[in-house]
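Engineer: structure of the sequence below:
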Amino acid sequence: MITKLSHATLYVLDQARALEFYTHKLGFEVRTDFPLEGGFRWLTVGPPNQPEIELILYEARAFGGMMDAATVGHLRAVLEQGLMGGGVFETDDCQRTYADLCAKGVEFIQPPQERPYGVEALFKDGCGNWFSLTQHQ
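Structural biologist: Residues are numbered from 1 along each chain as shown. You can find the predicted model right below:
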């Protein structure tokens, strides 16, 4: 029986840039950071108040047969356009979090707007992903 989701992958163009964004702008913690064979770096982060989830910052490049060069090229092309939807981050105050993140230089593609499910803003991580920042009603 599956009991929980512990890790989710975010493909990124550059792990160092992603690490900077997720830790310094979003305030996430580094959960794991160590090198493996062949230049692979296992790097995970997560929100301080949610220790049970680790977001894998997986650099889009060929490692040990996981993806061939053509697939990596396609994935990087999508990331370079900033089109990879990464998910939804919840907040208790979308307007306040939006202002805080803007002050830290986070790029928003949509300011907070009323939606049937709450207040939502959309932002980019600078590494190819966009996210919803949502305050549920």
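
Engineer: so Pro51 is in which element?
Structural biologist: Take DSSP states H and E as the rule and Pro51 turns out to sit in neither a helix nor a strand.

Engineer: next, count neighbours for it.
Structural biologist: When neighbours are counted by other Cβ atoms under 10 Å, Pro51 registers 10. For glycine as for every other residue, the C-beta is placed from the backbone atoms N, C-alpha and C.

Engineer: which is the next helix or strand following the longest helix along the chain?
Structural biologist: In the chain, with assignment by DSSP state H, the single longest helix is helix 69-80. Downstream of helix 69-80, the first helix or strand assigned by DSSP H and E is strand 84-90.

Engineer: for that following strand, buried residues please.
Structural biologist: Residues of strand 84-90 classed as buried by neighbour count (16 or more other Cβ atoms under 10 Å): Met84, Gly86.

Engineer: hmm, back to that, what separates the longest helix of the chain from the chain centre, distance-wise?
Structural biologist: 17 Å (Cα atoms, centre = their mean, to the nearest Å).
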